[in-house]
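In: I need the structure of the sequence given here:
(2 chains)
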Amino acid sequence: MTALTCRFIKLADGLLRGAQVTVCRVGAALQRAPVIQCIRTHRTNTWWDEHLTEDNASFLKKVVTEEYKQQTTDKLNPLKDEPWPRHEWAEGSRRVGLVAVKLGMMPVWSKSGERHVVTMLQVQDCHVVKHLSKEEYNGRTAALIVGGKNISPFHRPEGYLEVFRNAGVPPKQKLTTFCVSDNAIIKPGTPLYAAHFCPGQYVDVTAKTIGKGFQGVMKRWGFKGQPASHGQTKTHRRPGSLGPGGDPAKVFKGKKMPGRMGNIYDTNHGLKVWRVNTKYNILYINGSVPGHRNCLVKVRDSILPTRLENNKNPPFPTFFADGDKELPEDLFDEDVFQFGQPMPE
Amino acid sequence: MAAVCTSRTRQMMGLLRILRNFSQNERLLSTSVLRHNVASDGPPKFTPPSKPVIIDKTQKEASLRRFLSPEFIPPRQRTNPVKFSIERKDMIQRRKVLNIPEFYAGSILAVTMTDPHVNGNLNRFVGICIQRSGKGLGATFILRNVVDGQGVEICYELYSPRMRKIEVLKLEKRLDDNLMYLRDALPEYSTFNFDMQPVHYEITGDVPVNLLKVKMRPKPWSKRWERPKFNIKGIRFDLCLTPEMMEHAQKWAEPWRPYDMLKEYDTSSLEEHIFKEVHENLRK
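Out: Predicted structure coming up:
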């Protein structure tokens, strides 16, 4: 479907600040030092199978799924892949994290009988997608871009799919960057598993918080509001005073006021990993995690200085499923009460 | 006619007697044959004994009551079913160690827990189950009893590692699923003796329903139990409320609720699937 629209072009002369902009009708050229010129364009908004027959569409879907299966199995084969050299863990080295899906929450009991709540995060199709060297990234540390859940390529722009094509990996829903020390770089295309984290270690989890919409000052910033009775006229949830009086004679920038709440990235630091399920790739992480159910979260080793001791000697640079070491289906922290074991006192 | 019958019966009796004698003789014959063989041929040819017919006196599985604990049924949410299946595995593992019997709201239970503050480490409580809530591993039930004139309610977690034993002293159902109104009922309906002996219950057939209607203390109550949202059938409203008050309570009725399609949650196929899975795993 095409529609006639106006496209505004910024001319090479540059945009003068404060200059008056006159926008003309379609087709006419401006006479004064024009800053913005508009031209006619045809906007094409189609979806991927609009001009395809049903057979073609189903064929494409089949071909794409087969291609992705082939890609993932290729990456698991070390002969075809030529992995990069692996180094040992050293003090002060930073390793990659994972992208996981938040499944839900569950109670967990320790051996002394205390009840804690854990969030279950499932690592679905996590692959390293790109490696940025120190110079490309920020001049100080190297970076690795990691992708999360697999999605179909039909509803994403070409530029987005290009990165995945270079890595030989199916397109992912979420991409995140991890700052990584030079001895922890991994070849793009390697899969990452939940066994990358061990039980007993501490992690930081980042995700987009649940959007609450436009919220008042009591919910958004935790203000106390005003009393419900004793003569209050139409003032029960208002912010009250906006600051000092005549001396500044203004409201300072950053004053807490009502506005849109949530739907921003937030991190919960220092969350303990209680249990790791290697069969379904699930991490059991203490407490709650930002985001709604089935949202994608970024998990990495904790940066809190008091938790660095617990994070010593992890699988470095990551856990490789090479096949020589068979992990048990469930890895528990020593403090966790396992249901099959005899009950402790 | 009668004569013919009697003669027939006499004949039959005679035949039976002969047959009985015959069978006895046969037995004698068989043993004598064996002995004879032993004497003459050496080791006897092994004749396998006739297979005994075992009459299965225990009930067949088909007639056992199919009960799926309500915490296995997942709530109506947009969660990945993988999460529920993993939680179910944990629940089944726990059930293999601790036997959690079938019970409903209205059954009388005795629960033994480990308690670090008690001398002998174990703590026993008897009460009527007034509510079963929670899904998955966090499933709970509340037991109520009146001890020394003081009403006591304890909320227990079914899968807590501190649970030692759960016994059902009396298995029965009441007219409602939620018996929170016992808090406002006369205390005699919530008192149960701690030394109560378990009452025998059947494993087949339907659970007995106690049609008891409870007498309430004078109003005010903790909740307005007469309102249709609670849908309580187990209270004697005729003794404590006038018909005008009952009609006034009907103002809060929401007659469109049963027709609300978005609130429909059909669990029959899910229940069957989960019941099969749980039973297979428990048998292993």
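
In: Which residues of the stretch 201-345 of chain A lie near chain B?
Out: Neighbours of chain B within the stretch 201-345 of chain A, by Cβ under 8 Å from any Cβ of the partner chain: A:277, A:280, A:282, A:293-294, A:337, A:339-340, A:342-345. Just so you know, the C-beta spots here come from the backbone N, C-alpha and C atoms, and that holds for glycine as well.

In: Of those, which is the nearest to residue B:104?
Out: Proximity of these to residue B:104, judged by Cβ to Cβ, is greatest for residue A:339, which lies at 24.6 Å.

In: would you list every one of the helices in the stretch 151-284 of chain B?
Out: Counting by DSSP state H, counting those that start in this stretch, the stretch 151-284 of chain B has helices at residues B:237-240, B:243-249, B:268-283.

In: now the first one: mean pLDDT?
Out: Yep, that's helix B:237-240 we're talking about. For helix B:237-240, the per-residue pLDDT values average out at 92.

In: Give me the contact list for that helix.
Out: Contacts of helix B:237-240 with the rest of the structure, by Cβ atoms under 8 Å, 6 or more residues apart in numbering or on different chains, involve B:215-216, B:218-219, B:226, B:246.

In: cool, and the last one?
Out: Identification of contacts with helix B:268-283 by Cβ under 8 Å, 6+ apart yields B:66, B:68, B:72-74, B:88-89, B:92, B:95-96.

In: change it to 7 Å
Out: Counting contacts by Cβ atoms under 7 Å, 6 or more residues apart in numbering or on different chains, the residues outside helix B:268-283 that touch it are B:66, B:68, B:72-73, B:92, B:95-96.

In: Make a PyMOL selection of the buried ones in the residues you listed.
Out: To isolate in PyMOL the members of the contacts of helix B:268-283 that are buried, counting by 16 or more other Cβ atoms under 10 Å in any protein chain shown, one can use:
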select buried, chain B and resi 68+72+73+92+95
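
In: From the contacts of helix B:268-283, pick the one nearest residue A:144.
Out: residue B:92 (39.8 Å).

In: how close does that closest one sit to chain A?
Out: In this view, residue B:92 and chain A are 9 Å apart by Cβ to the nearest Cβ, to the nearest Å.

In: residues in chain B within reach of chain A, list them.
Out: Counting by Cβ under 7 Å from any Cβ of the partner chain, the positions of chain B adjacent to chain A are B:78-80, B:82-83, B:86-87, B:90, B:93-94, B:97, B:114, B:121, B:136-138, B:160-162.

In: Sort out for me which of those are in strands.
Out: With DSSP state E as the criterion, strands contain residue B:114 from among those.

In: Buried only: go through the residues of chain B next to chain A for me.
Out: For the residues of chain B next to chain A, a burial check counting by 16+ other Cβ under 10 Å picks out B:79-80, B:82-83, B:86-87, B:90, B:94, B:114, B:136-138, B:160-162.

In: ok, which pair from those is furthest apart?
Out: Across these, the two lying at the largest distance from each other (Cβ to Cβ) are B:80 and B:114, at 34.5 Å.

In: Residue A:182 reaches residue A:141, doesn't it?
Out: No - the pair residue A:182 and residue A:141 does not pass the contact test of Cβ atoms under 7 Å, sitting 8.1 Å apart.

In: More neighbours: which of those two?
Out: The neighbour count for residue A:182 versus residue A:141, taken as other Cβ atoms under 10 Å in any protein chain shown, is higher for residue A:141 (15 against 12).

In: Tell me who's in contact with the more buried one.
Out: A:134, A:179-181.

In: From the residues you listed, which land in strands?
Out: Secondary structure assignment by DSSP E places A:179-180 of the contacts of residue A:141 in strands.

In: List the contacts of stretch A:330-338.
Out: Among residues not part of stretch A:330-338, those counted as contacts by Cβ under 7 Å, 6+ apart are A:108-111, A:198-200, A:274-278, B:161.
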